[in-house]
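J.: predicted model and sequence follow; I will ask about them next.
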Amino acid sequence: QVQLVESGGGLVQAGGSLRLSCVVSGSIFRLKTMGWYRQVPGKQRDLLARISSGDDTTYAEAVKGRFTISRDSVKNTVYLQMNSLKPEDTAIYYCNLQMGVSYQDYWGQGTQVTVSS
């Protein structure tokens, strides 16, 4: 059983920074990607950043240049450094892992990020 546990969310003023962490535990087999998504109530869950098993990264246009994804393979942890936060970044942030030949998805429980103006 694979578990993902996010932390690091909270309340921050516009222009501030937060770093989210996601610790992965359990049996990880053929890791493909790890990523961060966010969701506002009533809207779809959007991909923000993804890092492959080869450490290739991709970003959504909305966060490019402000957010940075990274991972520590020893600690089985993926991070999302968020700088220059805006009120529109307010959402629940979810960690995602894809593994196996079918790219099966695993999700964390989410962490709330609130950016005040």
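T.: Happy to help now that I have it. Numbering: from 1, shown residues only.

J.: let me see the contact set for the residue nearest in space to the middle of the chain.
T.: The chain has residue 36 as the residue nearest its centroid, 2.3 Å off, counting by CA atoms, centre = their mean. Residues in contact with residue 36 (CB atoms under 8 Å, 6 or more residues apart in numbering) are 20, 22, 47-50, 67, 69, 78, 80, 93-96. Using the backbone N, CA and C atoms, a C-beta is placed for each residue, glycine as well.

J.: got the CA positions of stretch 10-23 in CSV?
T.: Only the C-alpha atoms of stretch 10-23 are listed here, as CSV (Å, rounded to 0.1, in the frame of the first residue of the first chain):
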residue,chain,number,x,y,z
GLY,A,10,-0.9,27.4,5.6
LEU,A,11,-1.8,31.1,5.5
VAL,A,12,0.6,33.5,3.8
GLN,A,13,0.4,37.0,2.6
ALA,A,14,0.6,37.8,-1.1
GLY,A,15,4.3,37.9,-2.3
GLY,A,16,5.3,35.4,0.4
SER,A,17,6.6,31.9,0.1
LEU,A,18,5.7,28.4,1.3
ARG,A,19,7.4,25.0,0.8
LEU,A,20,5.1,21.9,0.5
SER,A,21,6.5,18.5,1.3
CYS,A,22,5.1,15.1,0.4
VAL,A,23,6.5,12.0,2.1
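
J.: where do the strands sit along the chain?
T.: 3-7, 10-13, 18-25, 31-39, 46-52, 57-59, 67-72, 77-82, 91-99, 104-107, 111-116 (DSSP state E).

J.: circling back to that earlier point, who is the residue nearest to the centre of the chain paired with across the strands?
T.: Beta bridges link residue 36 to residue 49, residue 95, judged by DSSP bridges.

J.: and what of residue 107?
T.: According to DSSP bridges, beta-bridge pairing links residue 107 with residue 96.

J.: could I get the strands of the chain as JSON lines with mean pLDDT?
T.: Shown next, in JSON lines, are the strands of the chain (pLDDT from 0 to 100):
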{"stretch": "strand 3-7", "mean pLDDT": "97"}
{"stretch": "strand 10-13", "mean pLDDT": "98"}
{"stretch": "strand 18-25", "mean pLDDT": "97"}
{"stretch": "strand 31-39", "mean pLDDT": "95"}
{"stretch": "strand 46-52", "mean pLDDT": "97"}
{"stretch": "strand 57-59", "mean pLDDT": "98"}
{"stretch": "strand 67-72", "mean pLDDT": "96"}
{"stretch": "strand 77-82", "mean pLDDT": "98"}
{"stretch": "strand 91-99", "mean pLDDT": "97"}
{"stretch": "strand 104-107", "mean pLDDT": "95"}
{"stretch": "strand 111-116", "mean pLDDT": "98"}
